[in-house]
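> this one's structure only:
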C-alpha cells in the first residue's frame, strides 16, 4: 500500500492523546500502528509522541510538529464525547483552514459496520504547509482512517508544497 503522488521525503508526526497511555497505565497500540501504516504509505519519517488529554499539551506538540516542518500530523484519540476528549479543540487552535471534506470522509468510512463513527468530533485542516488530521483512538479506527487518507494524502501534500492542482 502506498499513497499516489506522496513526495519521497514526506514526514509525519503521530500524536497519541491518552491520559492512560501518557501515565503508563495502558500500552499505546494506536500510535505505533498509525506510524507503521503511514510508513507503509511512503512517509520517510513517522515519529510517535504521547500526550495527556490536555488542550495546552496537545496544542504544544501540534505546534512543535508544524514548526518542525512535518507534512502531516495525525492524532489518535480524544475525539469522542467524553469530558476529557479535547483533541478537536486543540487542533482548531493550530489550524489556519479547516478541511471539512476530509473529516466528513473519516466519519462516513465504514459507517455501516461501525455506526458510532458519526459520533466522532474529529477535525482536519491545514496549518501553514502541514495537514493536521484527527483519527479515532482505536486500532480499527486508525486503520479505517489511513484507508481514507491513502488515495489523497500524497496529492494534498504536493499541493501544499506548491505543486500543480
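Nice, thanks for sending it over. These numbers were taken from a predicted model, which means no experiment stands behind them.
> let me know the secondary structure of residue 147.
helix (DSSP: H, G, I helix; E, B strand; the rest coil).
> which residue ranges of this protein form strands?
Here the chain has its strands, by DSSP state E, at 11-17, 45-51, 72-76, 97-98, 124-127, 130-135.
> now, of those, which is deepest in the fold?
Highest mean neighbour count among the strands of the chain (mean count of other Cβ atoms under 10 Å): strand 72-76, with a mean of 29. C-beta coordinates here come from the backbone N, C-alpha and C atoms, glycine included.
> tabulate the strands of the chain in CSV, adding columns for distance to residue 4 and mean pLDDT.
Output for the strands of the chain, formatted as CSV (distance: least, Cβ to Cβ, whole Å; pLDDT from 0 to 100):
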stretch, distance to residue 4, mean pLDDT
strand 11-17, 16, 98
strand 45-51, 18, 94
strand 72-76, 15, 98
strand 97-98, 23, 98
strand 124-127, 19, 98
strand 130-135, 16, 98
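> just for this structure, where's the confidence low?
Residue ranges of the chain with pLDDT under 70: 1, 164-165.
> 50 instead, please
Of all residues in the chain, none has pLDDT under 50.
> please enumerate the helices of it.
19-22, 30-41, 55-67, 87-94, 100-108, 139-149, 153-160 (DSSP state H).
> for those, which one sits closest to residue 129?
In terms of Cβ to Cβ, the element of those nearest to residue 129 is helix 153-160, at 4.6 Å.
> which other helices and strands does the closest one contact?
With contacts taken as 3 or more Cβ pairs under 8 Å, 6 or more residues apart in numbering; DSSP states H and E, helix 153-160 sits against strand 130-135.
> picking up where we left off before, may I see the strands of the chain organised as JSON lines, with distance to residue 29 added?
Output for the strands of the chain, formatted as JSON lines (distance: least, Cβ to Cβ, whole Å):
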{"stretch": "strand 11-17", "distance to residue 29": "9"}
{"stretch": "strand 45-51", "distance to residue 29": "11"}
{"stretch": "strand 72-76", "distance to residue 29": "9"}
{"stretch": "strand 97-98", "distance to residue 29": "28"}
{"stretch": "strand 124-127", "distance to residue 29": "22"}
{"stretch": "strand 130-135", "distance to residue 29": "13"}
